[in-house]
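K.L.:
model this:
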Amino acid sequence: MAEYNMIRTVDYIFPTPIHCFDIEGFENIKNKLIDYAYDFKKREPIGESISNQGGWQSPDFMVTNKDDLLHEFIIDCLNNFSGIKETVKYSILSWININHPGSYNTKHVHPSCNMSGVVWIKSPKNCGRIEFENPTIFQDYDLINAYVDEFKDRSNYHHSFAYKPIEGRFLVFPSHLVHRVEENKSNEDRISVSFNIKLW
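P.N.:
Residues are numbered from 1 along each chain as shown. Model prediction:
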């Protein structure tokens, strides 16, 4: 049988954009945001119970008040979000998460919005990564297993993909992506602020 030389390329035609950006000078506001989170918890000690298991989640609030420390921080950071047309308008619904040691968030999605995100305020070592499930995991389960690790790592083609929490980092992703937060295995609280973005 004849041997043939082949030129091989791989195109990625339907990517899932996950935006990751770090805030310069975050250390200057970090402790104020931590205090803000605990003060909020004192005002709303019961909180909400949705995907959180063992942690505290604040009630939702619309991000509109530029005179509020947290609101201003989120608005200023997301106003610099690149890639979205200037004509697109949006609203932001947010909440605070305090994951105590041993707490975690079960798999969930964020319905009735277009993009969702998180910014980490306090993230001690081993406090739990955020893990996204491949939206085609059911259809492509065996196919993913068939690829060698080098290809899967190079193309980010896995059954799931996790991000380590980094203080001052924003992660913005499509709201339909199934995700969870791993158990906080540190001895300190993990503090983050999550949000939903509605576009029109």
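K.L.:
List the buried residues in stretch 120-128.
P.N.:
By 16 or more other C-beta atoms under 10 Å, the buried positions in stretch 120-128 come out as 120, 121, 122, 123, 124, 126, 127, 128. (C-beta placed from N, C-alpha, C; glycine too.)
K.L.:
can you check stretch 36-46 too?
P.N.:
36, 37, 40, 41.
K.L.:
sec struct for the second one, please.
P.N.:
Just to be clear, that refers to residue 37. Recorded secondary structure, residue 37: helix (DSSP: H, G, I helix; E, B strand; the rest coil).
K.L.:
right, and it touches residue 99 too?
P.N.:
No: taking contacts as C-beta atoms under 8 Å, residue 37 lies outside contact range of residue 99: 11.2 Å.
K.L.:
And for residue 52, nearest residue in space, chain neighbours not counted?
P.N.:
Nearest residue to residue 52 in three dimensions, chain neighbours excluded: residue 105, at 5.4 Å (C-beta to C-beta, 6 or more residues apart in numbering).
K.L.:
go on, residue 91?
P.N.:
Closest residue to residue 91 apart from its sequence neighbours, by C-beta to C-beta, 6+ apart: residue 198 at 5.0 Å.
K.L.:
Show me what the helix or strand bottoming out on mean pLDDT in the chain is in contact with.
P.N.:
Every helix and strand of the chain was ranked by mean pLDDT, DSSP states H and E. The lowest is strand 52-53, at a mean of 92. For strand 52-53, contacts defined as C-beta atoms under 8 Å, 6 or more residues apart in numbering pick out 97, 99, 103, 104, 105, 106.
K.L.:
re the thing from before, just the ones of the buried residues of stretch 120-128 in helices?
P.N.:
Per DSSP state H, helices hold no members of these.
K.L.:
Take those and lay them out in CSV including distance to residue 75 and pLDDT.
P.N.:
Below are those laid out as CSV (distance: C-beta to C-beta, whole Å; pLDDT from 0 to 100):
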residue, distance to residue 75, pLDDT
120, 18, 98
121, 16, 98
122, 21, 98
123, 22, 98
124, 27, 98
126, 32, 98
127, 26, 98
128, 27, 98
